[in-house]
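Undergrad: Here is the input, now give the coordinates:
(2 chains)
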Number of protein chains: 2
Amino acid sequence: MNAQIISIGSELAGGQTVDTNAAWLARQLAMLGIQCSKHVTIADELVPIRDSIVSVSREADLLLITGGLGPTPDDLTRTALAEAMGVRLRFHQVSFARIEAFFKARKRRMHADNRNQAMFPESAEPIENGCGTAPGIYARLNDADIFCLPGVPYEMKAMFEQSVRPRFSDDVRQQTILHQTLRTFGMSEAEVGDKLSDLMRRDRNPNVGTSAADLVISVRFHARGSSESEASELIDRDAAEIRRRLGKVVFGESEDTLADAVARLLIERRQTLSTAESCTGGLLAKRLTDVSGASSYLIQGIVAYANEAKRDLLQIPMDLIETHGAVSAQVAEAMAVNCRRLSATDYALAVTGIAGPTGATPGKPVGLVYIALAAPVETVVKELRLGENLTRTQIRDRTAKIALNLLRLQLIGHS
Amino acid sequence: MNAQIISIGSELAGGQTVDTNAAWLARQLAMLGIQCSKHVTIADELVPIRDSIVSVSREADLLLITGGLGPTPDDLTRTALAEAMGVRLRFHQVSFARIEAFFKARKRRMHADNRNQAMFPESAEPIENGCGTAPGIYARLNDADIFCLPGVPYEMKAMFEQSVRPRFSDDVRQQTILHQTLRTFGMSEAEVGDKLSDLMRRDRNPNVGTSAADLVISVRFHARGSSESEASELIDRDAAEIRRRLGKVVFGESEDTLADAVARLLIERRQTLSTAESCTGGLLAKRLTDVSGASSYLIQGIVAYANEAKRDLLQIPMDLIETHGAVSAQVAEAMAVNCRRLSATDYALAVTGIAGPTGATPGKPVGLVYIALAAPVETVVKELRLGENLTRTQIRDRTAKIALNLLRLQLIGHS
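TA: Here you go, the predicted model:
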């Protein structure tokens, strides 16, 4: 089965927005055993969209279209599809009622243009949108199945999960493909690749590959088997072997974050945590509370951005700050120790540093960060020199990850 | 002049890698006054690549191809181009010498396959690669100029700058194109479109369009003029008109965030801010400290996730929490008022809510959030019902944006 994807939007064709929908859809299709051979991105222009729909419907068995389903005149997908099919647009009362209800539930006034979203090519079927106003469209043309999905990524993904994936799960049954991802922190991609080189041969089943994103190296592998249990056995064997070779750097599976890993460990141990942040300015607490249920272990977080806040909220003596500077091992340690005591938690993580681009002083460059972890039996302080080439966002991101990993290693007894 | 882009690579078509080259190239072309109407992404398969080159060369004046120039058998761009042109590949001695020199300079052994990179379609011209082994290719087909560039982003960008851009800079001299973006919060895309509909006519100069991302609606416009001053005058006139029509919902330009807008206003007024967060768990402070120099106005932030933290850090009486619940207008108001008093800041923003997916209680659904803003003359409390279809991430993101916007409107006197 061969699929193609068309992404519609002048902001995509003009490069103002990078299209991430097509790659996401291609990966989902791959998991269903459907090969995606081509994506086309087209500006909001009727004729090229119509012509692409026609030509792709001749080449592919499945065509996924994203974008162009909004209410305004530059949203042309439904008109282009109707023209490609040689049919007219027809008003669909049930879809219109759903759009009205969407606005009503949110106490918002519906715009007259939203009525356009209830227009569908004759013989096409509406697809309900659970999270937005734009219904999707299902149609057939030249023996191809065509699904039009919204361009807004979360609406697109939800609609794909609910309405597209289920239609293709039958095709998969002849061969089962199972996927697994192990997430690591603390080794470079080259080091991980080195340890797994024999498993990463191109023609091997399972197929193993790595990808890197902001210091997190993911090991992705998928196994093909004639049955679920065969594929599952292959996956489990590789997962165990990879975990054995990589050891403590493996912190989780699939989409796990370091905060997820820390959350699991704290919940398992029924222990609690507090945070005291300067340069990360709330990012550390934010990451921890990205996890639903964080209230069972994260008691409180303090963003002590000004020196006065360090004094008032964390009882850091002003003369300690004056002697060593706010960005120092001594202040980081005092922040962690006092935070742990004041919040009566098992652990406290503290961060102080220079995230830049301003704020560097002689001897204290941008990227200098101190992380302190106050734990029941010890307090650990770590100095980072993240380099002046990183952006503020990167310095803050890496600091938060390294801090979470420090706590994770402490919790598994590897600090 | 009309351009199209072809990106080649099975990792792109399969979605393992998101193609950022095409968007980058489209933006560069736009700055040269060249409209890019379509991108095509194709797997490493000879026939589809060849056919796409042929069909694009008939539609466009300029075709940029990235990827598929490596030395291995799955790098098919040069072969596909030769087939599209109906010519043979020919060995190019000078390019081969450059590839050999590249390896020699790095003391690396050259692989026999690298010889393939010195093969070019007859009548095509090699383009020197200053930073990698793969030379580019320039050719003409069906009156289109075709440039084949490497897929590695930094090699591709360097080659574009050195060898593609200069060929088109002459075309630019006759015309200047200037871009501007205004960022808005508080109106739907349809409402914005409605107010600007006459400016958004397709053939108008400046060309005005809107795009939406997580409640922020951007109005993007670009003007063409025979001189810089002519284009600039057109941009300024439209910017003023759009600001006049949209009023207070315009919070900034280009890549500005709501936090940037708040930062500017607080710095201008030399006023200070503190935050008290429950459900956003640090996100609000994080957004505010994304801005470099935040220490001049953000004094402190408190993440009072547990009820005990609300009591200890913000002096919220336990019986207030027991009577109304932690997620209530009363608790939000007390958090803001106490936070402002305890931190001695001009403003304090407080947030309490149910970010989900767990935590809902009868009468308090996921997405119920209270935001309170304590200001010098008044305290404002806002109830949000963000809907149970949103994810935890979306609820937290929207809450933070609405809170920052509440403060922004207060600062400009429109609360």
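
Undergrad: Please parse chain A into its domains.
TA: For chain A, automatic domain parsing gives the domain ranges A:2-171, A:176-253, A:258-411.

Undergrad: just the strands in the stretch 251-400 of chain A please.
TA: Secondary structure of the stretch 251-400 of chain A by DSSP state E, counting those that start in this stretch: the strands cover A:273-277, A:298-304, A:347-353, A:368-374, A:379-385.

Undergrad: Which residue is the nearest non-sequential neighbour of the spatially most central residue of chain A?
TA: Ranked by distance to the mean C-alpha position of chain A (C-alpha atoms, centre = their mean), the top residue is A:Glu255 at 7.4 Å. Once flanking residues are discounted, A:Glu255 sits nearest to A:Thr181: 7.7 Å by C-beta to C-beta, 6 or more residues apart in numbering or on different chains. The way it works is simple: take the backbone N, C-alpha and C, and place the C-beta from them, glycine included.

Undergrad: My assumption is that the one you found lies in a strand; please confirm.
TA: Yes: the assignment for A:Thr181 is a strand, going by DSSP: H, G, I helix; E, B strand; the rest coil.

Undergrad: For the nearest residue to A:Phe251 once chain neighbours are set aside, give me its contacts.
TA: Take A:Phe251 and drop its neighbours on the chain: the residue closest to it by C-beta to C-beta, 6+ apart is A:Ala261, 4.3 Å away. By C-beta atoms under 8 Å, 6 or more residues apart in numbering or on different chains, the contact set of A:Ala261 is A:Phe251, A:Gly252, A:Leu404, A:Arg408.

Undergrad: Closest one to chain B out of the residues you listed, please.
TA: Proximity of those to chain B (C-beta to the nearest C-beta) peaks at A:Leu404, which lies at 13.1 Å.

Undergrad: dump the residue contacts of A:Leu29.
TA: A:Leu29 is in contact with A:Ala3, A:Gln35, A:Cys36, A:Leu62, A:Leu64, B:Gly15, counting by C-beta under 8 Å, 6+ apart.

Undergrad: about what we covered before: please render the domains of chain A as a markdown table that adds distance to B:Asp143 and mean pLDDT to the earlier fields.
TA: Conversion of those to a markdown table gives the following (distance: least, C-beta to C-beta, whole Å; pLDDT from 0 to 100):
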| stretch | distance to B:Asp143 | mean pLDDT |
| --- | --- | --- |
| domain A:2-171 | 19 | 89 |
| domain A:176-253 | 40 | 89 |
| domain A:258-411 | 43 | 95 |
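
Undergrad: Return the backbone torsion pair for A:Gln28.
TA: As for A:Gln28, its main-chain torsions (degrees, to the nearest 10) stand at phi -60, psi -40.

Undergrad: Around the residue lying closest to it once chain neighbours are set aside, how many other residues sit close by?
TA: Closest residue in space to A:Gln28, ignoring its immediate chain neighbours: A:Phe160 at 6.3 Å, by C-beta to C-beta, 6+ apart. A:Phe160: 21 surrounding residues under other C-beta atoms under 10 Å in any protein chain shown.

Undergrad: so what's A:Phe160 up against?
TA: Contacts of A:Phe160 (C-beta under 8 Å, 6+ apart): A:Leu25, A:Gln28, A:Leu64, A:Leu149.

Undergrad: Can you list which of these are found in helices?
TA: The members of these that map onto helices under DSSP state H are A:Leu25, A:Gln28.

Undergrad: that older thread, just say helix, strand or coil for the residue nearest to A:Gln28.
TA: Using three-state DSSP, the structure places A:Phe160 in helix.

Undergrad: Okay, and the nearest residue to A:Pro150 once chain neighbours are set aside sits in which element?
TA: Distance criterion C-beta to C-beta, 6+ apart; nearest residue to A:Pro150, sequence neighbours excluded, is A:Ala134 at 4.5 Å. For A:Ala134, there is no host helix or strand (DSSP states H and E).

Undergrad: do the one 5 residues further on as well
TA: Per DSSP H and E: A:Ala139 is located in strand A:136-141.

Undergrad: Would you agree A:Leu196 is in contact with A:Arg245?
TA: Yes: the pair A:Leu196 and A:Arg245 passes the contact test of C-beta atoms under 8 Å, sitting 6.6 Å apart.

Undergrad: Please say which of these two ends up with more neighbours.
TA: Counted by other C-beta under 10 Å, A:Leu196 and A:Arg245 do not tie: A:Leu196 has more neighbours, with 19 against 14.

Undergrad: circling back to that earlier point, and the contacts of A:Leu29, which of them are in helices?
TA: Per DSSP H, those never map to helices.

Undergrad: A:Leu199 in helix, strand or coil?
TA: Three-state assignment for A:Leu199 (three-state DSSP): helix.

Undergrad: Skip the chain neighbours and tell me the closest residue to it.
TA: A:Val208 (4.6 Å).

Undergrad: What segments of the stretch 1-150 of chain A are helices?
TA: Ranges of helices in the stretch 1-150 of chain A, per DSSP state H, counting those that start in this stretch, are A:10-13, A:21-31, A:46-59, A:77-85, A:93-105.

Undergrad: Which stretch among these is buried most, on average?
TA: Mean neighbour count (mean count of other C-beta atoms under 10 Å in any protein chain shown) peaks for helix A:10-13 among the helices of the stretch 1-150 of chain A, with a mean of 25.

Undergrad: Touching that one from outside, list them.
TA: Counting by C-beta under 8 Å, 6+ apart, A:17-19, A:41-44, A:67, A:74, B:23, B:26, B:36-39, B:209, B:211, B:220 sit against helix A:10-13.

Undergrad: hmm, 10 Å instead?
TA: Here helix A:10-13 makes contact (C-beta atoms under 10 Å, 6 or more residues apart in numbering or on different chains) with A:7, A:16-19, A:21-22, A:40-45, A:48, A:66-68, A:74, A:151, B:3-5, B:22-23, B:26, B:30, B:35-39, B:207, B:209-213, B:218, B:220.

Undergrad: got the residues of the stretch 151-300 of chain A near chain B?
TA: A:151-155, A:158, A:209, A:211, A:220, A:272, A:274-275, A:277-300 (C-beta under 10 Å from any C-beta of the partner chain).
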